[in-house]
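>>> build me a model from this:
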Amino acid sequence: LGLSGDPRKNRYEILRKAEINLLEEFYEREIQTRAKLLSIVGDSAKIDLDKLSEFGPVKKVSAEKLFTR
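Below you'll find the model as predicted:
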């Protein structure tokens with residue numbers, strides 16, 4: 001990839017110095033207004049799907065369908 005080092009180190013240093021108000025502004029400007037997709041992989045018997053659906057539509061997909069080519 002042509003990287004000369006671990007890019008996470010630089011990102012960590014930037015985020016470590018960040019102030020909460022800047023993070024809140026970024027969230028409100030860049031994240032809060034956009035649609036989100038959340039994937040949860042696990043035993044659906046252990047997940048309260050009704051509670052989860054309060055955040056938006058829930059689509060249950062079998063492992064076979066999810067992990068086949």
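
>>> now the helices: where do they sit in this protein?
Along the chain, counting by DSSP state H, helices occupy 7-16, 20-26, 49-52, 63-66.

>>> what helices and strands are in contact with the last one?
What it means is helix 63-66. Here helix 63-66 touches no other helix or strand, going by 3 or more CB pairs under 8 Å, 6 or more residues apart in numbering; DSSP states H and E. Bear in mind the C-beta positions are built from the backbone N, C-alpha and C, glycine included.

>>> and the contacts of that helix?
Residues from elsewhere that reach helix 63-66, judged by CB atoms under 8 Å, 6 or more residues apart in numbering: residue 41.

>>> isn't residue 40 right up against residue 46?
No: using CB atoms under 8 Å, residue 40 makes no contact with residue 46, being 10.4 Å away.

>>> before we move on, back to that, can you put the helices of the chain in TSV and add mean pLDDT?
Output for the helices of the chain, formatted as TSV (pLDDT from 0 to 100):
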stretch	mean pLDDT
helix 7-16	88
helix 20-26	90
helix 49-52	92
helix 63-66	86
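
>>> which one of those lies closest to residue 32?
helix 20-26 (9.7 Å; CB to CB).

>>> now do the nearest residue to residue 47 once chain neighbours are set aside: how many residues are near it, please.
Leaving aside its sequence neighbours, residue 47 sits nearest to residue 40 (CB to CB, 6 or more residues apart in numbering; 6.7 Å). When counting by other CB atoms under 10 Å, one arrives at 10 neighbours for residue 40.

>>> and the gap between the residue nearest the centre of the chain and residue 12?
When CA atoms, centre = their mean is applied to the chain, the residue found nearest the centroid is residue 38 (6.3 Å). Distance, residue 38 to residue 12, using CB to CB, to the nearest Å: 24 Å.
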